[in-house]
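Chemist: Requesting a structural model of the entry that follows:
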Amino acid sequence: MEDFVWLNLIPTTILPWLFVGFCLATVCQLLFYGWVVFRGWQKLFHPHPYPSALPQTERFSPVSLILCARNEALNLEKHLPLLLNQNYPGEWELIVVDDASEDTSAAVLLDFQTRFKNLRIIRIYEKKAPGKKAAMKLGIESARSAQLVFTDADCAPSSADWLLEMVRCFTRPEIEMVLGFAPLYAHTNLLGRWTSFEATHTALLFAGCAASGLPYMGVGRNMAWKKPVFERAGGFSNHAQLVSGDDDLLINSQANVQNTVVCMSTQAFMYSQPPKDWRTWFRQKHRQLGASGHYRIWHKLMLGAVSGTQVFHYFFGFLLIISGYLPLLILSVYFLRICLLYMIYRPIFRHLQANSLLIWLPALDFMQACYNGLIVPYSLVLKPNVTHWK
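Modeler: Residues are numbered from 1 along each chain as shown. Okay, the predicted model is just below:
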């Protein structure tokens, strides 16, 4: 280790403090994932059994499924049959808001409307606002039901019981929000593995935290909430200037331990394709991360601590290794953390049908640290300059 040219760049008096920081970051990581996330998932693995606390007459009350689409003709043609043929025993409608599409979406929707009576089409002829919040607002206001379920045009449900599984989570009158899982189709290249890991890890975090009493976000491709939540939040008025945030900011401002539940039934997954290239992924993340700066302060501190301790674990460990300071101990702590994370992740990833990703955990975890240390700060400091969501 004495041959490292960087050895003399780090004063030896600082090395013990770097070691303390490395150990503290590692311990904080393991405590959070073990105590908060895994403990929450234990509740999800052993949920309270049905029957519902609601009367039989209210258990399958009317539902409005809302989907906003802009230039999605191919996806609508592919995925609408999967949505319109859901096995929901109560009354329900599918509202598709065509947000000023310039392709053949209008013709595709009209063709489906002739065959499905529960399909309602709302067309916006001129795009006047950024993002899809104006379209979502119009769909919500037009909904005939107080129970609202949301997805996107490029998504496919894992089963014909997806809608039923989501809605049946409204088991008590005080439950107003249901958070679902939105995985990506598996791909074998690096981008596919990384984005699948990211989506699975995001679900691992928000579902585990919600089940532990700390709900902070949801994924708009698969969520449900009641109309009074939207009205109580003042709609999207608090973040109308943001292109993103139509899903997670509403959850972040209104969710609490009493009114929010998680639906992780494998029949209620909502799949979509990963980004086609790294540039598309970066633009997507840059846009989405712009909304996280508007989270509640407690949630920002929690998420900042989780991502920050991961970054410090790698950064401090790297500095200590190149300095030749207790290298065997540093490597032992690193491998101990990876092994314990593997043990925590394994039952969760297996349930989320992403178990094959765990063999790549050391590489993916390092990529996540780079993402948290570089891309997240960049996106929070430099706000995304986009005006359209499609």
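Chemist: So which residues of the stretch 101-250 of the chain form helices?
Modeler: 105-113, 133-142, 162-167, 190-211, 227-232, 248-254 (DSSP state H, counting those that start in this stretch).
Chemist: tell me how far the fifth one is from the chain's mean position?
Modeler: It refers to helix 227-232. 21 Å (Cα atoms, centre = their mean, to the nearest Å).
Chemist: likewise the first one?
Modeler: For helix 105-113, the gap between its own C-alpha mean and the chain's C-alpha mean amounts to 30 Å (Cα atoms, centre = their mean).
Chemist: burial count for Phe318?
Modeler: Per other Cβ atoms under 10 Å, the neighbour tally for Phe318 reads 13. Using the backbone N, CA and C atoms, a C-beta is placed for each residue, glycine as well.
Chemist: re the thing from before, determine which of the helices of the stretch 101-250 of the chain approaches Asp365 most closely.
Modeler: Taking Cβ to Cβ, helix 190-211 is the member of the helices of the stretch 101-250 of the chain nearest to Asp365, at 8.8 Å.
Chemist: Quick one: mean pLDDT over the closest one.
Modeler: Per-residue pLDDT over helix 190-211 has a mean of 97.
Chemist: Packing partners of it?
Modeler: Applying 3 or more Cβ pairs under 8 Å, 6 or more residues apart in numbering; DSSP states H and E, one finds that helix 190-211 makes contact with helix 38-45, strand 177-180, strand 260-263, helix 278-292, helix 327-351, helix 361-370.
Chemist: What are the contacting residues of the longest one?
Modeler: Contacts with helix 327-351, where a contact means Cβ atoms under 8 Å, 6 or more residues apart in numbering, come from 1, 19, 22-23, 26, 29-30, 33-34, 37-38, 41, 45, 200, 204, 208, 264, 266, 313, 317, 320-321, 355, 357-358, 361-362, 365.
Chemist: Can you give me the buried ones in that helix?
Modeler: By 16 or more other Cβ atoms under 10 Å, the buried positions in helix 327-351 come out as 330, 333-334, 337, 341, 344-345, 348-349, 351.
Chemist: Grab the two from these that are most spread out in space.
Modeler: Ile330 and His351, at 33.0 Å, using Cβ to Cβ across the buried residues of helix 327-351.
Chemist: Gln353 touches Gln267, doesn't it?
Modeler: No: if you go by Cβ atoms under 8 Å, Gln353 and Gln267 don't touch, sitting 11.6 Å apart.
Chemist: Show me the shaky parts of the stretch 51-200 of the chain.
Modeler: For the stretch 51-200 of the chain, the stretches flagged by pLDDT under 70 are 51-59.
Chemist: So which of the helices and strands packed on helix 190-211 is nearest Trp162?
Modeler: Closest among those, using Cβ to Cβ: strand 177-180, at 8.4 Å.
Chemist: Could you spell out the sheet neighbours of the closest one, each with its direction?
Modeler: strand 223-226 (antiparallel), strand 260-263 (parallel) (DSSP bridges).
Chemist: Out of those strands, the one nearest Tyr295 is which?
Modeler: Between the strands paired with strand 177-180, strand 260-263 lies closest to Tyr295; by Cβ to Cβ that is 15.0 Å.
Chemist: Contacts for that closest one, please.
Modeler: With Cβ under 8 Å, 6+ apart, strand 260-263 has contacts from 44, 165-166, 169, 171, 175-181, 207, 210-211, 215, 251.
Chemist: pLDDT of it, averaged?
Modeler: Across strand 260-263, the average pLDDT comes to 96.
Chemist: Keeping just the C-alphas, turn it into PDB.
Modeler: Presented in PDB, the C-alpha positions along strand 260-263 are these (Å, rounded to 0.1, in the frame of the first residue of the first chain):
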ATOM      1  CA  THR A 260     -52.100   5.100   3.300                       C
ATOM      2  CA  VAL A 261     -51.600   1.400   2.500                       C
ATOM      3  CA  VAL A 262     -49.300  -0.500   0.200                       C
ATOM      4  CA  CYS A 263     -50.500  -3.100  -2.400                       C
END
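Chemist: for whichever helix or strand comes after it, packing partners?
Modeler: Counting by DSSP states H and E, the element after strand 260-263 in chain order, helix or strand, is strand 270-272. For strand 270-272, the packing partners by 3+ Cβ pairs under 8 Å, 6+ apart come out as strand 155-157.
Chemist: Contact partners for the nearest residue in space to Val306 that is not next to it in sequence?
Modeler: Nearest non-adjacent residue to Val306, counting by Cβ to Cβ, 6 or more residues apart in numbering: Phe32, 5.8 Å away. Neighbouring residues of Phe32 by Cβ under 8 Å, 6+ apart: 305-306, 309.
Chemist: ok, now Asn256?
Modeler: Applying Cβ under 8 Å, 6+ apart to Asn256 gives the contacts Pro215.
Chemist: Where does it fall, secondary structure wise?
Modeler: Counting by DSSP H and E, Asn256 is part of no helix or strand.
Chemist: For it, give its distance to Glu174.
Modeler: From Asn256 across to Glu174, the span is 10 Å (Cβ to Cβ, to the nearest Å).
Chemist: ditto for Gln267
Modeler: On the measure of Cβ to Cβ, Gln267 and Glu174 end up 25 Å apart.
Chemist: Between those two, which has more neighbouring residues?
Modeler: The neighbour comparison of Gln267 against Glu174 (other Cβ under 10 Å) goes to Gln267, with 14 against 11.
Chemist: Leaving out sequence neighbours, find the closest residue to that one.
Modeler: Ser159 (4.2 Å).
Chemist: quick revisit: return the most buried member of the helices of the stretch 101-250 of the chain.
Modeler: helix 162-167 (a mean of 24; mean count of other Cβ atoms under 10 Å).
Chemist: Now do the contacts for the nearest residue to Thr104 once chain neighbours are set aside.
Modeler: Closest residue in space to Thr104, ignoring its immediate chain neighbours: Ala73 at 4.5 Å, by Cβ to Cβ, 6+ apart. Shown in contact with Ala73 (Cβ under 8 Å, 6+ apart): 101, 103-105, 107-108.
Chemist: Please apply the same query to Cys169.
Modeler: Residues in contact with Cys169 (Cβ under 8 Å, 6+ apart) are 175, 178, 224, 261, 263.
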